[in-house]
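Chemist: structure for this input, please:
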Amino acid sequence: MMVTARNDGYAQGYAECTQQVTSALKGDWDASRSATRGVDTGAEHAAAKAEYNNLRLPVMELVTTALQYEDFVNQLKEISPDEADASDEEDLE
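Modeler: The predicted structure is shown next:
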């Protein structure tokens, strides 16, 4: 998403700069060599943003469920036990 945002920002910035140069020089600026010429970076960025906004992480669903419990700390520990706690338990055995 950061890459598509940067590319979209670059394309939009280049387009704006081209307009300003054209206006200042009172003539057309040759933008044919621009890497973003004719590329709809806005649509690519919108698609990446939509994909990110719809991203589902199973662990986050587990965390959300755990937070509903009164003893949510213990519930969270069950999801991802601390390695130090696990090694301490092994030492006791």
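
Chemist: hmm, Ala48 is touching Thr4, no?
Modeler: Yes. Counting by CB atoms under 8 Å, Ala48 does reach Thr4; the two are 4.1 Å apart. C-beta here means a position set from N, CA and C on the backbone, and glycine is covered the same way.

Chemist: care to break the protein down by domain?
Modeler: The chain is divided into the following domains under automatic domain parsing: 2-53, 58-92.

Chemist: winner for burial among those?
Modeler: Greatest average neighbour count among these goes to domain 2-53 (a mean of 13), per mean count of other CB atoms under 10 Å.

Chemist: which helix is the longest one in this structure?
Modeler: helix 2-25 (DSSP state H).

Chemist: starting at the chain centroid, how far to that one?
Modeler: 22 Å (CA atoms, centre = their mean, to the nearest Å).

Chemist: next helix or strand past it?
Modeler: helix 41-53 (DSSP states H and E).

Chemist: that next one versus helix 2-25: what angle between them?
Modeler: 160 degrees (axes from the mean of the first three to the mean of the last three CA atoms, to 10 degrees).
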